[in-house]
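# could you work out the structure for the sequence below:
(2 chains)
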Amino acid sequence: MYWSRLFIPTLRENPAEAEVVSHQLLLRAGYIRQLAAGIYNYLFLAQRSLLKIQRIVREEMDAMGAQEMYLPALNPAEVWQESGRWSVMGDNMFRLKDRFGRDLCLGMTHEEVMTGIARGELRSYKQLPQIWYQIQTKFRDEPRPKSGLLRVRQFIMKDSYSFDLTPEGLDAAYQKHHDAYCRIFDRCGLDYIAVEAHSGAMGGSQSHEFMVVSDAGEDFVAIGRKSGYRANLEKAVSRAKPPAAPDPEGDLHPEEFHTPGQKTIEDLVKFTGLPATSQMKSLVMVADGKPVLALLRGDHQLSETKFAGALGASDVRPAHPAEIVDWMGADAGSLGPVGISDKLRLIADSALQGRRNMICGANRNDYHLKNVTPGEDFQPEYLDLRQVEDGDGDPLDPEATLEVRKTVEIGHIFKLGYKYSESMGLRVLDEHGQEITPIMGSYGIGVERILTCAIELFHDKDGMALPVSIAPFTLVITPVNYADEQQKAAAHQLFDAAKAAGLDALLDDRDERPGVKFKDADLVGIPYRITVGKKLAQGIVEVVERRSRASRDIAIDDAVAWVSAAASGK
RNA sequence: CGGGGCGUGGCUCAGCCUGGCUAGAGCGCCUGGUUCGGGACCAGGAGGUCGGAGGUUCGAAUCCUCUCGCCCCGACCA
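From the prediction side, this is the model:
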């Protein structure tokens, strides 16, 4: 294609609304324009790149035997009411009414519709297993769209659904997806990790998220570099860092002391001169309506997900100030576990087990206790409650530590179990003529997020440095001066050769100064550039690799072959 | 939903506090010319309901009220 004929509206300056790098570059390089918050026009370059990504996804899904379908984005309420998610989804779902007042919504995902198809058509065990997928636009009424294409209200998702007779069958489908996802992300040139994830409201037994480490992300993941440990922070476990100061020896008894105005752990550290690890943090929580006192080491944070999971509670919240006074007899800031076990259930994070003579609130405003020993002065249940922190011990390797990193989720695979097949009444007959409920899995990939993460991962001050597999073009041919007849002829010769070699090539035939053309090529992120310039007289052109900036002089007749080889090697 | 910020040519922004001429700059765009290896130069030119509505005033981009939109932090996030 000829650059002069294309619509590639590059910007010299960063638009003010963009904060994260991928957002800035997508706008500057002319890939996207915003239509509304979380809703974007995908212009020519973005569409080209997204189509390449979708093609890779499609090839790998087809290779594993999955069948592509195309399903309605507009769904009747009934389907979602049947699974119960019409109400569960709340404000996250776009809803509308048709002219007769019937409720409709825009699909956020397609478990219901897929299960509906299966229920209507699958009759016999002989038809299973099945894996069905779609690559389509999904809608989600995000409370806060942000970061360009990272969190949006309309996006393209590949999602697939597996139907199996047995849990073993589901395991196989799950594994197939795991492997296919690795191939997809490898082919897209991403550095990613697969982590164990919390199944969340989807239910189900097992789940992995595919994550790209990036500061633009929103999810935290704990990573053990040596051991290979990988887990979503909601699920991650660790060995706590050792206390910063040894516990006082001896069989001491709790002793009240006056602590006027000392409310936070930080206050107490200063006031007592003892580190946060010697303090005990007391959090009054309400789990399914019942009061619970959660105890943590002073430097640790409560993981509400773990807390809810440990108690088997579905609704968890911090207590209101009035409830705290009512139950504890003091305000937050002077709370502790001693003498209140008849009123609240006491649970303590496992890092407190075996500790002695610590400091905690006295349940009397402006007083604290010292010499409090868990297991002696109060009897808690020990559970894993704390959020893993960067630098905590790796649970798989006593020598190693964990890193906690921000990540972007690009894929998620779930063992759904029987949730949808059961609630929607999907059954087939087994070989004995008995009705049996198939077991399901669901598997998603965020298509735009692959592009976004690639940009986050591969960019420099001049622009994107996209992997060949997903770049909108593989090669740009840049005559320094297109008005020069020799250069023009040579550029066209190269362009024809590139086309003949099957390369996705672009000819920058614009009447622009070379600097402009170089800057634009760098910004847009085309992996290879052939510059036709002053050395043409010697039959030489220059080949530049965008990612490394490496450039080399090559005889004009060899240039395309060189790029071809280099590009296919990536 | 709570907190903060911002809306002025296509883009980045100044002007607003302290109201007063035809509302400015840089970049981009158009025309002509000179240029041509990392976002050129000269000359000329087009382009703006100052987000919207209402109000105060002789007079509003500027002050007041309401409203819409966008961005960021938090809450939320199969």
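
# show me how chain A divides into domains.
A:17-72+A:108-236+A:405-455, A:255-383, A:473-569 (automatic domain parsing).

# let me have those domains in TSV, adding mean neighbour count and mean pLDDT as columns.
Heads up, the C-betas are built off the backbone N, CA and C, glycines and all. Output for those, formatted as TSV (neighbours: other Cβ atoms under 10 Å; pLDDT from 0 to 100):
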stretch	mean neighbour count	mean pLDDT
domain A:17-72+A:108-236+A:405-455	19	93
domain A:255-383	18	89
domain A:473-569	18	96
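
# of those domains, which is nearest RNA strand B?
Nearest to RNA strand B, of all these, is domain A:473-569, at 1.9 Å by Cβ to the nearest atom of the strand.

# any chance of the domains of chain A in TSV, with distance to residue A:89 too?
Putting those into TSV (distance: least, Cβ to Cβ, whole Å) gives the following:
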stretch	distance to residue A:89
domain A:17-72+A:108-236+A:405-455	7
domain A:255-383	16
domain A:473-569	37
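
# give me the distance between the two termini of stretch A:119-129.
14 Å (Cα to Cα, to the nearest Å).

# one step back: now the domains of chain A in TSV, with distance to RNA strand B?
Listed next are the domains of chain A as TSV, based on distance: least, Cβ to the nearest atom of the strand, whole Å:
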stretch	distance to RNA strand B
domain A:17-72+A:108-236+A:405-455	3
domain A:255-383	7
domain A:473-569	2
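
# for residue A:248, which of the ones you listed is the nearest?
Nearest to residue A:248 among the domains of chain A is domain A:255-383 (4.3 Å), distances taken as Cβ to Cβ.

# could you report the neighbour count for residue A:16?
6 (other Cβ atoms under 10 Å).

# can you confirm it is in a strand?
No: under DSSP: H, G, I helix; E, B strand; the rest coil, residue A:16 falls outside any strand and is assigned coil.

# so how far is RNA strand B from it?
Per Cβ to the nearest atom of the strand, to the nearest Å, residue A:16 is found 3 Å from RNA strand B.

# give the contact list for residue A:93.
Applying Cβ atoms under 8 Å, 6 or more residues apart in numbering to residue A:93 gives the contacts A:80, A:86, A:105-106, A:108, A:139-141.

# return the member of these nearest to residue A:278.
After measuring those against residue A:278 - Cβ to Cβ - the closest member comes out as residue A:140, at 45.4 Å.

# hang on, that closest one packs against residue A:107?
No: using Cβ atoms under 8 Å, residue A:140 is not in contact with residue A:107; the gap is 9.6 Å.

# torsion angles phi and psi at the residue lying closest to residue A:534 once chain neighbours are set aside?
In space, and not counting its chain neighbours, residue A:534 is closest to residue A:480: 7.3 Å by Cβ to Cβ, 6 or more residues apart in numbering. Main-chain torsions, residue A:480, degrees, to the nearest 10: phi -60, psi -40.

# residues contacting residue A:480?
A:487, A:514, A:531-534.

# which ones among the contacts of residue A:93 map onto strands?
Counted as lying in strands by DSSP state E, out of the contacts of residue A:93, are A:105-106, A:139.

# which residues does residue A:381 bridge with?
Partner residues in beta bridges with residue A:381, using DSSP bridges, are residue A:347.
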